[in-house]
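[1] give the three-dimensional model of this entry:
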Amino acid sequence: MYKAKYFRKSEFACKCGCGFDDIDQELLYKLDRARSMAKVPFRVTSGCRCKAHNKTVGGGSHSQHLLGKAADIAVNKETRGRILIALVMAGFERFGIGEDFIHVDIKPGVRTWLYNK
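    Numbering: from 1, shown residues only. So this is what the prediction gives:
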């Protein structure tokens, strides 16, 4: 089991309080690498999601959050570019870009999308 340097398992727990926190080790490893390269803190706004919470927040029925294979990282004007570049350098290939967050997941394939307000 990978022991992350910059993250605690509790940061990825479902926000509804159900206790689901089974984060994928590959995701955790890549996030740790990205955090090391970015040299700025990463705040996980969403990691694991149970089905009920995923529905509440409007997540898709095939969301990688349901599998513990996705994370949303908070960004702002100052950190967005640095964090995005570090995520790419760490090997992520799937990105959802929102105004104040970046979604990454480890589903196979290259894809980038924008979230609208």
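
[2] name the SS class of the residue most central in space within the chain, please.
    Most central in the chain under C-alpha atoms, centre = their mean is residue 71, positioned 1.5 Å from the mean C-alpha point. Taking DSSP: H, G, I helix; E, B strand; the rest coil as the rule, one finds residue 71 in the strand state.

[3] without its sequence neighbours, what residue ends up closest to it?
    residue 47 (5.1 Å; C-beta to C-beta, 6 or more residues apart in numbering). The way it works is simple: take the backbone N, C-alpha and C, and place the C-beta from them, glycine included.

[4] same thing with residue 67?
    residue 24 (7.1 Å).

[5] that neighbour: neighbouring residues, count only.
    The tally of other residues near residue 24 (other C-beta atoms under 10 Å) stands at 20.

[6] hmm, it is touching residue 106, no?
    Yes. Contact criterion C-beta atoms under 8 Å: residue 24 and residue 106 qualify, at 6.4 Å.

[7] overlap of the contact sets of the two?
    residue 69 (C-beta atoms under 8 Å, 6 or more residues apart in numbering).

[8] can you list the residues that contact stretch 31-40?
    With C-beta under 8 Å, 6+ apart, stretch 31-40 has contacts from 2, 4-7, 41-42, 71, 73, 79, 82-83, 85-87, 89-92, 104.

[9] among those, which are in helices?
    Members of those lying in helices (criterion: DSSP state H): 82, 83, 85, 86, 87, 89.
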